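**Q** I would like to see how this sequence folds:
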Amino acid sequence: MGLSLLFCQCGAEPRTLLSNVPVETTFRPLQQCEIVQDIAPYIDTIEIVQLEATPESMLGEVNKLLLRPDGAFVLLTHSGIMIFDAQGKFQARAGRIGHGPGEYIKLNDICLTTNGQYILALSAFNQILQYRADNGAYVKTIVPSPKLEYSCDGIAPGPEDGFYLYAGNPANADDFETPFDCLLRYDSEGERVSQGLPRKDFGLQVAAITQSAGNSYILRPQEGDDIAYKTDAEGQFAPWARIDFGDKAIPSGYVKNLGGSVWTHLQDFLRADYYKMPLYLEQTAYAFYFTAAGPEAQTHEFLCFTGTEKGIRWTKTAVSATPFIIRGADDEWFYGLYDDPKSYNAGELTTLPPLKRYLIERIGLKLAEDGNPPIVKIRFKTEK
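**A** Residues are numbered from 1 along each chain as shown. I've put the predicted structure just below:
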């Protein structure tokens, strides 16, 4: 009943209620995840994929990592979309910065279509640019209809070659008198067919939608809620998991009740004595990973083992260190990019979070001055 309400495809584009929506599972990370300082007992295998560095393929900052069905990598970088094969050899760029057909000024997000054959790129102006995922060739531009008056933050593939757009806050972000639906569903031609997920509070729109195992996509819980949604094989979003921090979860409407937008109360929000902002949600066949901001804005990382009440967690304590974050997954592996140019002495290493410290001490990871950041593949043990 709850799912049919969320995605009713009647002509009136209904608003929806998400209370009492059934979910597949509940994670209680503060209860089920043991705090660890040494992650070595939980590491099964680490593999490194060095991305080829050519004048055409130098990456810079990477904003998103996607996996093609054949294991190749599609990366959204500050300078555009780069495609590398599973061994790290550069294959192609998808589009370029510019004003011509297939070009863009800025991209907010990317995804793969449900069959993995095409890239859908969400521009800052809410146009959807489609490219072939094998060679980056431009296919077409889709303009969502009706026209949106605000910028969207995330994109995911939808059923029958359609797509979803997600926007956390409207342009008039301080106005809670006007209802606002965060999730919009479109057909393959860009016509809106339904909408839902009413906004509950203000939040930072970071990593709103992430790709996970099997080219599924996870929509992280919006601020003021604890339910994450995931697409199925047909690209249909459904309630998936509840991330339950218990009485340590930030109260619903926290920023809204303070008055104004999250930018007005950013430090109060991040430093509040609660857990908030589950980000970088990734799932393999055996585990579920995500980060969250805890009290005093510390970053906490959680690894919950599927089918058990067990897991591990650790905290990023070195404020100035570039984090190593898991940003992709398939059934077997978690994936991240190691992009920290700093070299650490023995004393500094002790301040790093366990996973990053392991990669430096045990694997010897470092970033070459003239190279691309390597992709790190990690397979965890579910038990010591």
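
**Q** for the rest of this, base every contact and every neighbour count on C-alpha atoms.
**A** OK.

**Q** wait, residue 272 touches residue 295, no?
**A** Yes - using CA atoms under 8 Å, residue 272 makes contact with residue 295 at a distance of 5.6 Å.

**Q** any stretches of the protein with poor pLDDT?
**A** The chain contains residues with pLDDT under 70 at 1-21, 317-320, 384.

**Q** all helices for it, in order.
**A** Residue ranges of the helices in the chain, as given by DSSP state H, are 2-6, 29-32, 254-258, 266-271, 346-349, 354-361.

**Q** make a markdown table from the ones you listed and add mean neighbour count and distance to residue 140 to it.
**A** Output for the helices of the chain, formatted as a markdown table (neighbours: other CA atoms under 10 Å; distance: least, CA to CA, whole Å):
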| stretch | mean neighbour count | distance to residue 140 |
| --- | --- | --- |
| helix 2-6 | 16 | 29 |
| helix 29-32 | 18 | 43 |
| helix 254-258 | 17 | 40 |
| helix 266-271 | 17 | 39 |
| helix 346-349 | 11 | 48 |
| helix 354-361 | 18 | 41 |
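
**Q** next, format those as a markdown table and append distance to residue 300.
**A** Listed next are those as a markdown table, based on distance: least, CA to CA, whole Å:
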| stretch | distance to residue 300 |
| --- | --- |
| helix 2-6 | 31 |
| helix 29-32 | 10 |
| helix 254-258 | 20 |
| helix 266-271 | 13 |
| helix 346-349 | 18 |
| helix 354-361 | 11 |
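
**Q** among these, which comes closest to residue 247?
**A** helix 29-32 (10.4 Å; CA to CA).

**Q** for the closest one, C-alpha coordinates in PDB please.
**A** Provided in PDB are the C-alpha atoms of helix 29-32 (Å, rounded to 0.1, in the frame of the first residue of the first chain):
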ATOM      1  CA  PRO A  29      24.700   0.900  13.800                       C
ATOM      2  CA  LEU A  30      25.400   2.300  17.300                       C
ATOM      3  CA  GLN A  31      24.200  -1.000  18.800                       C
ATOM      4  CA  GLN A  32      25.400  -3.600  16.300                       C
END
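
**Q** show me what that helix is in contact with.
**A** Outside helix 29-32, the residues that touch it by CA atoms under 8 Å, 6 or more residues apart in numbering are 243-245, 302, 304, 309-312.

**Q** drop anything exposed from those residues.
**A** Neighbour counting with 16 or more other CA atoms under 10 Å marks 243-245, 302, 304, 310-312 as buried within those.

**Q** need those residues in CSV with distance to residue 209, can you?
**A** Below are those laid out as CSV (distance: CA to CA, whole Å):
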residue, distance to residue 209
243, 16
244, 19
245, 21
302, 18
304, 19
310, 25
311, 23
312, 23
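
**Q** restricted to strands, list those residues.
**A** If you go by DSSP state E, the buried ones among the contacts of helix 29-32 have 243, 302, 304, 311-312 in strands.

**Q** name the nearest of those relative to residue 286.
**A** Closest to residue 286, out of all of these and judged by CA to CA, is residue 304, at 8.7 Å.

**Q** correct me, but that closest one touches residue 289?
**A** Yes - with contact defined as CA under 8 Å, residue 304 reaches residue 289; the gap is 6.4 Å.

**Q** show me what counts as buried in stretch 136-148.
**A** 136-138, 141-144.

**Q** same deal with stretch 283-292?
**A** Buried, per 16+ other CA under 10 Å, within stretch 283-292: 283-284, 286-292.

**Q** hang on, the earlier thing: let me have the buried residues of stretch 136-148 in JSON lines, extended by distance to residue 267.
**A** Below are the buried residues of stretch 136-148 laid out as JSON lines (distance: CA to CA, whole Å):
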{"residue": "136", "distance to residue 267": "41"}
{"residue": "137", "distance to residue 267": "43"}
{"residue": "138", "distance to residue 267": "42"}
{"residue": "141", "distance to residue 267": "39"}
{"residue": "142", "distance to residue 267": "38"}
{"residue": "143", "distance to residue 267": "37"}
{"residue": "144", "distance to residue 267": "35"}
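
**Q** what's the neighbour count on the residue nearest to residue 80 when sequence neighbours are not counted?
**A** Spatially, and ignoring its direct neighbours in sequence, residue 80 is nearest to residue 96 (6.2 Å; CA to CA, 6 or more residues apart in numbering). Neighbourhood size, residue 96 [other CA atoms under 10 Å]: 16.

**Q** which residues touch residue 96?
**A** Contacts for residue 96 (CA under 8 Å, 6+ apart) come out as 79-81, 102-104.

**Q** let's go with 10 Å and repeat that
**A** Counting by CA atoms under 10 Å, 6 or more residues apart in numbering, residue 96 makes contact with 79-81, 102-106.

**Q** distance of it relative to residue 70?
**A** Going from residue 96 to residue 70 by CA to CA, to the nearest Å gives 24 Å.

**Q** residue 228 is in contact with residue 23, correct?
**A** Yes - taking CA atoms under 10 Å as the definition, residue 23 is a contact partner of residue 228 at 8.7 Å.

**Q** surely residue 255 meets residue 264?
**A** Yes - the criterion here is CA under 10 Å, and residue 255 meets it with residue 264 at 9.0 Å.

**Q** which parts of the stretch 101-250 of the chain are strands?
**A** 107-112, 118-123, 128-132, 138-142, 154-157, 163-166, 181-186, 192-198, 209-212, 216-219, 227-231, 237-243 (DSSP state E, counting those that start in this stretch).

**Q** residue 382 is nearest to which of those?
**A** Nearest to residue 382 among these is strand 209-212; the distance by CA to CA comes to 18.6 Å.
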